[in-house]
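A.B. asks: coordinates only, sequence not included:
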């Protein structure tokens, strides 16, 4: 495995400078990389510098930047010229979720970098195997899916397509650790990725309960905030099962799992949202109602909460708990 | 609705003084109630005082007790005599998950209190409607399901049986707020309660993914800790959907929900756990492996984490976010 310094020396290209691309650039700047930021559309080129500057400012206010950090001019180049990618050891694509747009970007990237350079997509909607066919030397292509905001979350999904070689995936897995992430490495291409898949299972069940008048949307939110939310960040799913002692599983296997909702009917409530073009806090039409001020308040709270939960998760590293408990004065 | 002072004046009976009963008593003592603690078995009578004392000590070390709090002797009576319940305005049953044992306890409680006094069970395994038939005047019987540890969690499920009158349920809902909880009120008796139901849906899907070699148990735990765990405590499920902007729902409804795992087959991994009588951190046989020290470290970490997440959740009250953001200096 390479050393930290070797990883830091990898120059990284980021193509697509929207909110997500900018936030990824900030995360990479903070871990010491030099970045070639490619703006595939004029709008990205116009706004990228101020977006990145705003996010760096937010990081500073949230206390996510070390005192010693100073952004040097040569660390970041924003350009429309793909030729600037020529020295990059990794190129991340973060453009819109449109196969044509992505295919065009991959061809331009591949023209400039050598065939072994890893090209990765941040898509959360399109199968890696489907995109892979548009990439010359597809074996070096994979998914690196960041969680928003990229500089304040530890989550990262690295996903192989059918043709991805494991060597590229493992290299991505290692450099992700260098970025301070806790990556998962999915060896097969899962539609919807792992967390999304698991949350869809939750949605199906809760719509089943709501549809039958057994619970409300508000009940589900409270249950997740205060019950699941009271252990999720510490334990995840399986460690929680262990922690609870597994004693109810015989009953769960025989009597509850077979009774969960299986219907393929579209949930009425969500069908309505699709028809009304609801975008929640983004256009004030959603499952809950919002004023402009309330929507803004949720945005601000999310930024603050991310900092808090990021630090909280860091204080409870699985496998280093004894150390953690020793350092905590109250136990 | 009654005032805080009126709720505080309600004397409460707690029957069953194991870990859960003791932790509930501590929570109620901290909100000012007088408690009649009934020990249905000799072991409970022998250990209750020290269990409650230990948990109060832990609360003190975790900073969950106000400086001004002082436990007065008359606030807590531990006894084996059900007649001490006669002035109670609410009785909580927390004995083992055994229908016979619970039925016997309900008869003894009902002998001592008037017919309108609410009797509630903390069961998480038996249907409220099934237990209700053993309670004289069953309309005042319902589920009040606490999360562990009761004094450091906000979650509470209030569940009606078929015969429960809504007035009793609403009274329980209001007094739960007085206890500082964020209760859900389920008007129908759901097998497995709401959070459990939703988590079972997660289990089914993840076993489907693991069974097909698409993800590992460790992947699922990371995904939940660092992805779902980065917003769960703040938002719950539906508000998160709003926050993400709902734009992917058309695709989710048509292409992902119908493809989730529907199989009723018992997950092999969990079948093995049942056969090996695995109790996770409690007997060191589990999904993960544990030494005695590691199991202890998880116990201690959970206590600490509960304090932290409790305070974190309190800092982000839904609906009061503007105030919260104003008080936070960084935004």
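C.D. replies: Structure received. Here the structure is a predicted model, which means the values were calculated and not measured.
A.B. asks: secondary structure element for the residue nearest to residue A:19 when sequence neighbours are not counted?
C.D. replies: Nearest residue to residue A:19, sequence neighbours excluded (CB to CB, 6 or more residues apart in numbering or on different chains): residue A:51, at 6.8 Å. For glycine as for every other residue, the C-beta is placed from the backbone atoms N, C-alpha and C. In this structure, residue A:51 sits in helix A:42-62 according to DSSP states H and E.
A.B. asks: chain center to that helix: distance?
C.D. replies: 19 Å (CA atoms, centre = their mean, to the nearest Å).
A.B. asks: quick check: buried residues in it?
C.D. replies: Across helix A:42-62, burial judged by 16 or more other CB atoms under 10 Å in any protein chain shown covers A:44, A:45, A:47, A:48, A:51, A:52, A:55, A:56, A:58, A:59, A:61, A:62.
A.B. asks: tell me which other helices or strands it touches.
C.D. replies: Contacts defined by 3 or more CB pairs under 8 Å, 6 or more residues apart in numbering or on different chains; DSSP states H and E place helix A:42-62 against helix A:19-30, strand A:76-79, helix A:292-315.
A.B. asks: distance check, residue A:38 against chain B.
C.D. replies: Applying CB to the nearest CB, to the nearest Å, the value for residue A:38 to chain B is 25 Å.
A.B. asks: that residue and residue B:201: what is the separation?
C.D. replies: Residue A:38 is 41 Å from residue B:201, where distance means CB to CB, to the nearest Å.
A.B. asks: one more: residue A:15?
C.D. replies: To residue B:201, residue A:15 is 37 Å away according to CB to CB.
A.B. asks: what's the answer for residue A:305, then?
C.D. replies: With CB to CB as the criterion, residue A:305 and residue B:201 are 25 Å apart.
A.B. asks: next: residue A:129.
C.D. replies: Distance of residue A:129 to residue B:201, given as CB to CB: 27 Å.
A.B. asks: okay, these two: which has more neighbours?
C.D. replies: Per other CB atoms under 10 Å in any protein chain shown, whichever of residue A:129 and residue B:201 has more neighbours is residue B:201, with 25 against 18.
A.B. asks: now name the helix or strand holding that one.
C.D. replies: helix B:194-211.
A.B. asks: ok, back up a step: which residues touch the helix holding residue A:51?
C.D. replies: Outside helix A:42-62, the residues within contact range by CB atoms under 8 Å, 6 or more residues apart in numbering or on different chains are A:16-19, A:21-23, A:25-26, A:29-30, A:37, A:39, A:65, A:71, A:76, A:78-80, A:149, A:151-152, A:303-304, A:306-307, B:330-331.
A.B. asks: if we use 6 Å, what do you get?
C.D. replies: A:17, A:22, A:23, A:25, A:26, A:39, A:65, A:78, A:80, A:151, A:307, B:330 (CB atoms under 6 Å, 6 or more residues apart in numbering or on different chains).
A.B. asks: buried members of the residues you listed into PyMOL, please.
C.D. replies: The following PyMOL line selects those of these that are buried, judged by 16+ other CB under 10 Å:
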select buried, chain A and resi 17+22+23+25+26+39+65+78+151+307
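A.B. asks: dump the contacts of helix A:42-62 to TSV, plus distance to residue A:240.
C.D. replies: Shown next, in TSV, are these (distance: CB to CB, whole Å):
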residue	distance to residue A:240
A:17	39
A:22	35
A:23	30
A:25	35
A:26	32
A:39	44
A:65	33
A:78	44
A:80	48
A:151	28
A:307	25
B:330	32
